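*Asks:* requesting a structural model of the entry that follows:
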Amino acid sequence: MSVPNEIAGLAALSICESLLLALNDRKLLPESEIVGILRDAAAAHEFAVDAENAETHAAVAALINGILAGGNSVRRR
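*Replies:* Numbers count the residues shown, from 1 in each chain. I've put the predicted structure just below:
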């Protein structure tokens, strides 16, 4: 992945993380729904059939699962 793409990816992650937090803070989506969104996103990469980019999909799935495990995208009580 090139540097501009890495920057774009980090920016997108930050924006999405902020949006998920705001949706939860404003009580527009419950935490369970936000966790479900993250699980769906991880599963989309875990089960991707794109063999040419399998390593990238695995890394993306691992990152999302790490966010879920660490509670970084949803404030846990």
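
*Asks:* now the element after the helix or strand bottoming out on mean pLDDT in the chain, going C-ward?
*Replies:* Counting by mean pLDDT, DSSP states H and E, the weakest-scoring helix or strand in the chain turns out to be helix 3-25, with a mean of 90. Once the chain leaves helix 3-25, the next helix or strand it forms, by DSSP states H and E, is helix 31-46.

*Asks:* tell me what the helix or strand following that next one is packed against?
*Replies:* Sequence-wise, the next helix or strand downstream of helix 31-46 (DSSP H and E) is helix 54-70. Judged by 3 or more CB pairs under 8 Å, 6 or more residues apart in numbering; DSSP states H and E, helix 54-70 is in contact with helix 31-46. Placement of C-beta: from N, CA and C, glycine included.

*Asks:* residues contacting the residue nearest to the spatial centre of the chain?
*Replies:* Residue closest to the mean C-alpha point of the chain, counted by CA atoms, centre = their mean, is Ile64 at 4.3 Å. Listed by CB atoms under 8 Å, 6 or more residues apart in numbering, the contact set of Ile64 reads 38, 41-42, 45.

*Asks:* any chance of CSV for these, columns pLDDT?
*Replies:* Formatted as CSV, the contacts of Ile64 follow (pLDDT from 0 to 100):
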residue, pLDDT
Leu38, 94
Ala41, 95
Ala42, 96
His45, 95
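
*Asks:* quick revisit: what comes up buried for the least confident helix or strand of the chain?
*Replies:* Residues of helix 3-25 classed as buried: 20, 23-24 (neighbour count, 16 or more other CB atoms under 10 Å).
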